[in-house]
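In: What would the 3D arrangement of this be:
(one chain, ligands or ions: 1)
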Amino acid sequence: MAVTLNRLRMRAKNYDRQAKSYSGAYLFCCIFMLGPRTLYRDHNHAAPELYVNLSEKSGWRFGTSDWKDYPAGSLIWNPSGAPHATRVYEQPFISVFVWLENVNSRCNLVHCDDWEEIEHELAGLGS
Ligand SMILES: [Fe+2]
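Out: Just a heads-up that it's a prediction; the model follows:
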């Protein structure tokens, strides 16, 4: 009987250790939406980020690369600290996004000289 109790105590300690090793390891997941003709300006954050695009078409820019359009079902991976921006055309943008760690980190704007030009172009869509 003493052996059984000791084993139970050992298991309880192991579970407790495992629970402590996972404490603080959580993620942030939500539905993210932007209205039509919107520029979600270039920004970065310490949180690595995964998007699952649900909209038919959305534009993305990573760092200083050119804009590229992505279809519904595409995955966008933004590593920690990497600048990125999203532009939304005539239809609203809907996605699922997940921050995998550093979920309390700040979102920092990364200035680009073309924001006003892009916003002007988006405002003129469909007119
Ligand atoms: Fe982001």
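
In: Just say helix, strand or coil for residue 7.
Out: helix (DSSP: H, G, I helix; E, B strand; the rest coil).

In: One more: residue 10?
Out: Classified using three-state DSSP, residue 10 is helix.

In: what about residue 32, helix or strand, and which?
Out: strand 28-34 (DSSP states H and E).

In: The helix or strand just after that strand vs strand 28-34, what angle?
Out: Downstream of strand 28-34, the next assigned helix or strand under DSSP H and E is strand 39-45. Strand 39-45 and strand 28-34 are oriented at 160 degrees to each other (axes from the mean of the first three to the mean of the last three CA atoms, to 10 degrees).

In: can you tell me how far the residue nearest to the spatial centre of the chain sits from residue 29?
Out: For the chain, the residue nearest the mean C-alpha position is residue 49 (3.3 Å; CA atoms, centre = their mean). Relative to residue 29, residue 49 is positioned 11 Å away (CB to CB, to the nearest Å). For glycine as for every other residue, the C-beta is placed from the backbone atoms N, C-alpha and C.
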